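[1] sequence and predicted structure are below.
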Amino acid sequence: MPYRFKMPSNTYLRVLFSLIFVSLIASCGFQLRGQYLLPQELQTLYVSSDDNFGELTRLVKQHLTINDVNVVESPKSNTPELKILRDQLNRRTLSVLPNGQVAEYELIYTVNYQITLPEQSPQQFNFDLYREYQDDPNFALAKSRELNLLLSEMRERAAERILRELASVDVTGQ
């Protein structure tokens, strides 16, 4: 008797396609990101920095505005302040070519900032972001552009991290 192929049930196909879809989404690093739920005390905020026109400061203000935080232009005594103390890029050599030229760097982007709430002492925060960067002197212009893109992406991640950490700030002062 010949073997007869039986089509899988509709439910089976749905489950199979769902598993494939979830596997593809998970393997590419996709993560859901919603709005950051900042405490009520941080819904109005003054943002300051040594470099008020720097990219990190601009990105932080932009993210705050997107999350419906009122970013004020001048400090007031009863307004919390987010002060970006320092953002700095360092690099460390990871590997060297046989001719002595550096082949690969580790980029280290360091961010220090503080939150000052009315009638409380400042709360300091700092973190480092790491990326690897392969250098090739034969393609200096392309590698320079790649480095600029990496730095922009690191600043974007830093701004997102600052907002995530703002959501967990102790506003009670205890």
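    That came through, no problem.

[2] need the residues that contact stretch 120-129.
    Outside stretch 120-129, the residues that touch it by Cβ atoms under 8 Å, 6 or more residues apart in numbering are 83, 108-117, 154, 157-158, 161-162, 165, 169-170, 173. Placement of C-beta: from N, CA and C, glycine included.

[3] those residues in strands, which ones?
    In this view, these that belong to strands under DSSP state E are Lys83, Ile108, Tyr109, Thr110, Val111, Asn112, Tyr113, Gln114, Ile115, Thr116.

[4] of these - the most surrounded one?
    Tyr113 (25 neighbours; other Cβ atoms under 10 Å).

[5] contact partners for it?
    Tyr113 neighbours (Cβ under 8 Å, 6+ apart): Leu82, Lys83, Ile84, Leu85, Gln124, Phe125, Asn126, Ile162.

[6] of the residues you listed, buried ones?
    With neighbours counted by 16 or more other Cβ atoms under 10 Å, the contacts of Tyr113 contain buried members at Leu82, Lys83, Ile84, Phe125, Ile162.

[7] in a markdown table: those, plus pLDDT and distance to Phe139.
    Shown next, in a markdown table, are those (pLDDT from 0 to 100; distance: Cβ to Cβ, whole Å):
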| residue | pLDDT | distance to Phe139 |
| --- | --- | --- |
| Leu82 | 94 | 39 |
| Lys83 | 95 | 39 |
| Ile84 | 95 | 33 |
| Phe125 | 95 | 37 |
| Ile162 | 94 | 33 |
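
[8] and these as a markdown table, adding distance to Phe21?
    Formatted as a markdown table, the buried ones among the contacts of Tyr113 follow (distance: Cβ to Cβ, whole Å):
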| residue | distance to Phe21 |
| --- | --- |
| Leu82 | 39 |
| Lys83 | 44 |
| Ile84 | 40 |
| Phe125 | 37 |
| Ile162 | 33 |
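
[9] how many neighbours does Tyr133 have?
    Residues lying near Tyr133 (other Cβ under 10 Å) number 16.

[10] how about Ser74?
    Neighbour count for Ser74, taken as other Cβ under 10 Å: 7.
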